[in-house]
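> model this:
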Amino acid sequence: MFAIGIDIGTTNVKVVLVDPDGTAIADASRALTTRSEGPTTTQDPEAIWSAVRDAVRQISSEHPAQAGEVRSIGVCSQYSSLVAVGRDGRAVSPVKLYLDTRGADHCWAILDRHPEAFGTWVDRHGIPPIGSGLTLSHLLHFQHDEPDVHARTAVYLEVMDFVNQRLTGRAAATQCTMFASQLCDNRVVGTTTYDQDLVTMAGVDHDRLPPLIGMDEEVGGLLDDVAADLGIPTGVVVMAAMNDTQAGAFATGVLADPARRAEWWWERPGCSSSPCRPWRSTWTTKCSRCLLPFLAATPSWPRTGSRGARSNVSWRCSRHRPEDPRRPP
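Prediction:
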């Protein structure tokens, strides 16, 4: 059984064919073009899809026997890069890349409307709504500043989920791929719902958000016409996509070797405590749901008890962390 991995970066698309042991058998890449002017940074979503198709077809034509045994596809990409998708499954506007800073004013307006917004977002998501090219600002820019595009949009997808939609015909996302939308409560690892308070305060059109599935779930089977075009079998399973940070954590091998650990330290300049360790988080991973602890790498404290994970958290600097009854010992 072979698998295909697809990585959509800012500068190129990379595709790899791997054997059952994870050994790379073949790879191919295609360049992408980015257009930038002032606060605007975009790419052509159809060009991204064409690059994916061309790279996969190169591999399948050069290795037809192995391509005929492909059983699964995994896709990852950069995130904070939003595609407006119409009812026919085709993009209706260029991709707003993470370098595109339009819509920041709408994010700051959330803080003006809701004095409690800053604390709520930091507590639940980890990052306050301040724009800076994050997906939330793109959602609001489409909705308020490009109403014609918004009206033609059935669903907003990050790039990796857009590619999965073209592969399977199904629009779906995960807590990880929609991380930069800032609309999930990341205290719950593996959530498949948006936080209604965050959605309401942001004023985002909920009807155009993609449904969330589990991070280890299947999106669906490869469409027959797409399979024929790519030169791989029908029935290939397309797994839930990943953002590049999640994929990087996955690539460390923590799933293959649960004894491996990852540690994060938050330093505060000028602290008189020696050593200054406002928090330290050591995670032992057991499943793909454990690939989110990096979300806690903000001044908000990390949670424990998440499905599929065990954590051992020690706190070294009480000056910077008020006591909280929920804090682990």
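> the longest helix anywhere in the chain packs against which elements?
Here the longest helix in the chain is taken by residue count, with DSSP state H as the criterion, and it is helix 45-62. With contacts defined as 3 or more C-beta pairs under 8 Å, 6 or more residues apart in numbering; DSSP states H and E, the packing partners of helix 45-62 are strand 2-8, strand 12-18, strand 24-31, helix 159-168, helix 224-230. All C-beta spots, glycine's among them, are computed from the backbone N, C-alpha and C.
> centre of the chain to the following helix or strand past it, how far?
The element immediately downstream of helix 45-62 (helix or strand, assigned by DSSP states H and E) is helix 64-67. Distance, stretch centre to chain centre, for helix 64-67: 30 Å (C-alpha atoms, centre = their mean, to the nearest Å).
> residues in contact with stretch 93-106?
Counting by C-beta atoms under 8 Å, 6 or more residues apart in numbering, stretch 93-106 makes contact with 10, 34-36, 39-45, 48, 78-84, 130-134, 136-142, 144-146, 149, 153, 159, 180, all of which sit outside it.
> now with 6 Å?
Identification of contacts with stretch 93-106 by C-beta atoms under 6 Å, 6 or more residues apart in numbering yields 39-43, 45, 80-84, 131, 133, 137-138, 140-141, 144, 149.
> give me the number of residues near P211?
For P211, the count of nearby residues is 12 (other C-beta atoms under 10 Å).
> list the residues that contact the residue nearest to it when sequence neighbours are not counted.
With C-beta to C-beta, 6 or more residues apart in numbering as the criterion, P211 has its nearest non-adjacent residue at 5.7 Å, and that residue is A172. By C-beta under 6 Å, 6+ apart, the residues touching A172 are 210-211, 213, 219.
> just the buried members of those residues?
Among these, those classed as buried by neighbour count (16 or more other C-beta atoms under 10 Å) are 210, 213, 219.
> turn those residues into JSON lines, columns for secondary structure and pLDDT.
Conversion of the buried ones among the contacts of A172 to JSON lines gives the following (DSSP: H, G, I helix; E, B strand; the rest coil; pLDDT from 0 to 100):
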{"residue": "P210", "secondary structure": "coil", "pLDDT": "98"}
{"residue": "I213", "secondary structure": "coil", "pLDDT": "97"}
{"residue": "V219", "secondary structure": "strand", "pLDDT": "97"}
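> so which of the residues you listed is the closest to N186?
Top of the list for closeness to N186, among these and by C-beta to C-beta, is I213 at 16.5 Å.
> that closest one and H106, how far apart?
Using C-beta to C-beta, to the nearest Å, we find I213 at a distance of 28 Å from H106.
> equivalent analysis for G68, please.
In this structure, G68 lies at 49 Å from H106, with C-beta to C-beta as the measure.
> so for those two, which sits in the more crowded spot?
Under the neighbour definition other C-beta under 10 Å, G68 and H106 were set side by side, and H106 has more, 22 against 12.
> is it fair to say the more buried one lies in a helix?
Yes. H106: assigned to a helix according to DSSP: H, G, I helix; E, B strand; the rest coil.
> same question for the longest helix of the chain: list its buried residues.
Of all the residues in helix 45-62, those buried under the rule 16+ other C-beta under 10 Å are 45, 47-49, 51-53, 55-60.
> reformat these as TSV; add pLDDT and distance to R124.
What follows is the buried residues of helix 45-62, written out as TSV (pLDDT from 0 to 100; distance: C-beta to C-beta, whole Å):
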residue	pLDDT	distance to R124
P45	98	30
A47	98	36
I48	98	31
W49	98	34
A51	98	36
V52	98	34
R53	98	39
A55	97	38
V56	98	38
R57	98	43
Q58	98	44
I59	97	42
S60	97	44
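> picking up where we left off before, let me know the angle separating the longest helix of the chain from strand 2-8.
Angle, helix 45-62 to strand 2-8, by axes from the mean of the first three to the mean of the last three C-alpha atoms, to 10 degrees: 150 degrees.
> restricting to C-alpha, output helix 45-62 in PDB.
Taking C-alpha atoms only, helix 45-62 is exported to PDB below (Å, rounded to 0.1, in the frame of the first residue of the first chain):
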ATOM      1  CA  PRO A  45      -6.300  29.100  -6.500                       C
ATOM      2  CA  GLU A  46      -6.800  27.400  -9.800                       C
ATOM      3  CA  ALA A  47      -3.100  27.600 -10.500                       C
ATOM      4  CA  ILE A  48      -2.500  25.900  -7.100                       C
ATOM      5  CA  TRP A  49      -4.900  23.100  -8.100                       C
ATOM      6  CA  SER A  50      -3.300  22.800 -11.600                       C
ATOM      7  CA  ALA A  51       0.200  22.600  -9.900                       C
ATOM      8  CA  VAL A  52      -1.100  19.800  -7.600                       C
ATOM      9  CA  ARG A  53      -2.600  17.900 -10.600                       C
ATOM     10  CA  ASP A  54       0.600  18.200 -12.700                       C
ATOM     11  CA  ALA A  55       2.900  17.100  -9.900                       C
ATOM     12  CA  VAL A  56       0.800  14.100  -9.100                       C
ATOM     13  CA  ARG A  57       0.500  13.100 -12.700                       C
ATOM     14  CA  GLN A  58       4.300  13.300 -13.100                       C
ATOM     15  CA  ILE A  59       4.700  10.800 -10.300                       C
ATOM     16  CA  SER A  60       2.000   8.400 -11.500                       C
ATOM     17  CA  SER A  61       3.300   8.400 -15.100                       C
ATOM     18  CA  GLU A  62       6.900   7.800 -13.900                       C
END
